[in-house]
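Visitor: Compute the structure for the input listed below.
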Amino acid sequence: MKWYEKIPHPVAMLFGIIILATILSYFLPAGLFERELVETLLGTKERVVAGSYKSIESTPVGFMDMFRALSEGFKSASDIIFVVLAGGVMFGLLEKTKMVENAVGTLLKTLGLKRKFFIVVVMTFVFGLLGIFVGYENNIAIVPIAAFLALAIGGDLILAAGIAVGGITIGFGLSPFNPYTVGTGHQIASLSMYSGAVLRSVLCFVALATLAVYNIRYFKKILKDPKAGLGEGLDVEGMKLSKGISEYNMTANNWLIFFIFTGGIGVMLYGIFTQGWYLREISAIFIMIAILAGVASRMSSYDISETVLQSIGVAAPGAFMVGYAKTIAVILEMGNISDTIAFNLSNFLMEMPIFAAAFLMSVAQCVMNLFIPSGSGQALATLPIMLPVGELVGLTKQTTILAFQIGDGVTNIVNPTLGGLIAMLSMCRVPFDRWLRFIVPLALLVLVVAWGFLIFSVAIGWS
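Guide: Next comes the predicted model:
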């Protein structure tokens, strides 16, 4: 039996992690760091106070509490759950208007199907650039475009996820301008904002190039034998082109809906970058686009309503998984063991030689990312501890932040507790277990490449 055949269903996998977190609350001592309010790029946040860890009375999570944490997880993840549903509704209506299909068909008619490998490479980098400069959850709405493109050139939904979800996740995770990780880290370390961008940019480019090659290899594999792919049996209803490439043209109504969509996304990005908008405002824009698209296409109120409900049905599994995954963080908070894990990891690193310390610091952040999937949350919880540890073993602040960024950024691509990842996969209709079968080898390869950059940064005393 191959390793991927042993991967449990995502629901069972997450429930296993929930049980593990509950059990750990009985065996790990409870403890807390003191926290202070600080101004960050993302507003006022709580930051751990280094050296303030103290043990507290054990607070093990009871059997009933474990199940009660499920509703708390959904409650705390309500904003991202709704953005998944809103994004599903928006694209359901856009699909119904045929604008997306006609736009993709017209694009491929212009480029020609002979350039299909070129399209995969370019789109991998396009989605990577969106991750670098636009953000993560902000890109949820455009993920289904990759599904139309991938299916149109003879690929499958796994290839679509590799292009869009892989590109956005790696671009965002290793972005030299990531405000959640690099920006927050530089503020904590009192370094010049986004300094060291050259090395990080090279790392990000190499990682995206590795992903592009990986996507091409998979694409060639399924072109040779479609049954060798991982997308067999996935629902592609409404995402496939319904006629020959030569027959596609954009109608006046298609252009109107296209401008409604791009205009709405433009307003959303303006609000994100200038007005501090986030998930609730993004959801509102998605719903506005959906309503305007339905009205502009002259759909009846009955057809719009039916499409909304059908779209929610498609998006619901992904939305459920987001809230379900959030339960893990709730249980760790109830058991007061997150700080204990961070404290003991930092103590372990202090005994290591410099190169081993840098590598293991990155590995430690990989572990912490499972429990604190928020980039800024992880930075504020661990970097105030890791930066002094790094200095004690001889690491520069830039190298410590790079170790943190690699541990957080690369493992995002396989993290079942990361709501944005689960949401994007649901938009591509790709189950998490199939995603793991596809992406784990790539994640390991990118980690090896990134660790090479990390060791290089230690060798040159990167500051």
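
Visitor: can I get the CA coordinates of stretch 384-393 in CSV?
Guide: Listed next in CSV are the C-alpha coordinates belonging to stretch 384-393 (Å, rounded to 0.1, in the frame of the first residue of the first chain):
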residue,chain,number,x,y,z
PRO,A,384,9.4,37.7,20.8
ILE,A,385,10.7,34.3,22.2
MET,A,386,12.7,33.2,19.2
LEU,A,387,14.5,36.4,18.5
PRO,A,388,16.4,36.5,21.8
VAL,A,389,17.1,32.7,21.5
GLY,A,390,18.5,33.4,18.0
GLU,A,391,20.8,36.1,19.3
LEU,A,392,22.0,33.8,22.1
VAL,A,393,23.1,31.1,19.6
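
Visitor: Leaving out chain neighbours, which residue sits closest to V314?
Guide: Of all residues not flanking V314 in the chain, G88 sits nearest, at 5.8 Å (C-beta to C-beta, 6 or more residues apart in numbering). For the C-beta atoms, the positions are set from N, CA and C on the backbone; glycine is no exception.

Visitor: so what's the one you found up against?
Guide: Neighbouring residues of G88 by C-beta atoms under 8 Å, 6 or more residues apart in numbering: 311-312, 314-315, 318-319, 426-427.

Visitor: repeat that for 10 Å
Guide: G88 makes contacts with 140-141, 144, 286, 290, 308, 310-316, 318-319, 423, 426-427, as judged by C-beta atoms under 10 Å, 6 or more residues apart in numbering.

Visitor: That one belongs to a helix?
Guide: Yes. Using DSSP: H, G, I helix; E, B strand; the rest coil, the assignment for G88 is a helix.

Visitor: Please report the distance of it from A325.
Guide: According to C-beta to C-beta, to the nearest Å, G88 stands 18 Å off from A325.

Visitor: ditto for V182
Guide: Computed with C-beta to C-beta, the distance linking V182 and A325 is 25 Å.

Visitor: do I285 as well
Guide: Look at I285 and A325: by C-beta to C-beta, they are 25 Å apart.

Visitor: can you check E101 too?
Guide: With distances taken as C-beta to C-beta, E101 is found 32 Å from A325.

Visitor: neighbour count winner among the two?
Guide: Just comparing E101 and A325: by other C-beta atoms under 10 Å the higher neighbour count belongs to A325, 25 against 21.

Visitor: That one: which element?
Guide: Element membership of A325 [criterion: DSSP states H and E] is helix 301-335.

Visitor: Surely L37 is in a strand?
Guide: Yes. The assignment for L37 is a strand, going by three-state DSSP.

Visitor: 16 is where my numbering starts, stick with that
Guide: Fine by me, first position is 16 from now on; the one you just mentioned is L52.

Visitor: need the contact list for it.
Guide: For L52, the contact set (C-beta under 10 Å, 6+ apart) comprises 59-62.

Visitor: what packs against the helix holding A340?
Guide: Contacts defined by 3 or more C-beta pairs under 10 Å, 6 or more residues apart in numbering; DSSP states H and E place helix 316-350 against helix 25-42, helix 78-91, helix 93-111, helix 294-311, helix 353-364, helix 369-386, helix 434-442, helix 447-474.

Visitor: Just want the angle from the longest one to helix 369-386.
Guide: Here helix 447-474 runs at 150 degrees with respect to helix 369-386, directions being taken by axes from the mean of the first three to the mean of the last three C-alpha atoms, to 10 degrees.

Visitor: helices or strands up against helix 447-474?
Guide: In this structure, helix 447-474 packs against helix 25-42, helix 172-188, helix 212-239, helix 316-350, helix 369-386, helix 412-426, helix 434-442, with contacts taken as 3+ C-beta pairs under 10 Å, 6+ apart.

Visitor: which regions of the stretch 116-265 of the chain sit below the pLDDT cut-off?
Guide: Within the stretch 116-265 of the chain, no stretch has pLDDT under 70.

Visitor: give me that answer again for 80
Guide: Within the stretch 116-265 of the chain, the stretches with pLDDT under 80 are 127-128, 253.

Visitor: One more: the stretch 316-465 of the chain?
Guide: The stretch 316-465 of the chain contains no residues with pLDDT under 80.

Visitor: if you compare the helices and strands packed on helix 447-474, which one is most tucked away?
Guide: Neighbour counts (mean count of other C-beta atoms under 10 Å) averaged over each of the helices and strands packed on helix 447-474 peak at helix 172-188, with a mean of 29.

Visitor: Restricting the selection to alpha carbons, write it to CSV.
Guide: What follows is helix 172-188, C-alpha atoms only, in CSV (Å, rounded to 0.1, in the frame of the first residue of the first chain):
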residue,chain,number,x,y,z
LEU,A,172,-9.1,20.2,-11.1
ILE,A,173,-5.9,19.0,-9.3
LEU,A,174,-3.9,20.9,-11.9
ALA,A,175,-6.1,23.9,-11.3
ALA,A,176,-5.5,23.8,-7.6
GLY,A,177,-1.7,23.4,-8.3
ILE,A,178,-1.8,26.5,-10.4
ALA,A,179,-4.1,28.7,-8.2
VAL,A,180,-3.9,27.4,-4.7
GLY,A,181,-0.3,26.4,-4.9
GLY,A,182,0.7,29.7,-6.6
ILE,A,183,-1.2,31.9,-4.1
THR,A,184,0.0,30.0,-1.1
ILE,A,185,3.7,29.9,-2.0
GLY,A,186,3.7,33.5,-3.2
PHE,A,187,2.0,34.7,-0.1
GLY,A,188,4.0,32.5,2.3
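
Visitor: okay, the angle between it and helix 212-239?
Guide: Counting by the same axes, to 10 degrees, helix 172-188 points 180 degrees away from the direction of helix 212-239.

Visitor: could I get the helices and strands packed on helix 316-350 as JSON lines with distance to V345?
Guide: Listed next are those as JSON lines, based on distance: least, C-beta to C-beta, whole Å:
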{"stretch": "helix 25-42", "distance to V345": "9"}
{"stretch": "helix 78-91", "distance to V345": "4"}
{"stretch": "helix 93-111", "distance to V345": "13"}
{"stretch": "helix 294-311", "distance to V345": "18"}
{"stretch": "helix 353-364", "distance to V345": "11"}
{"stretch": "helix 369-386", "distance to V345": "11"}
{"stretch": "helix 434-442", "distance to V345": "13"}
{"stretch": "helix 447-474", "distance to V345": "20"}
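
Visitor: among the ones you listed, which is nearest G170?
Guide: Among these, helix 447-474 comes nearest to G170, with 12.2 Å by C-beta to C-beta.

Visitor: Can you get me the centre-to-centre distance for that closest one and its chain?
Guide: From the chain centre to the centre of helix 447-474 is a distance of 15 Å (C-alpha atoms, centre = their mean, to the nearest Å).

Visitor: cool, stretch 223-242 as well?
Guide: The chain centre lies 21 Å from the centre of stretch 223-242; the measure is C-alpha atoms, centre = their mean.

Visitor: cool, stretch 336-348 as well?
Guide: Taking C-alpha atoms, centre = their mean, the mean C-alpha location of stretch 336-348 is offset from the chain mean by 16 Å.
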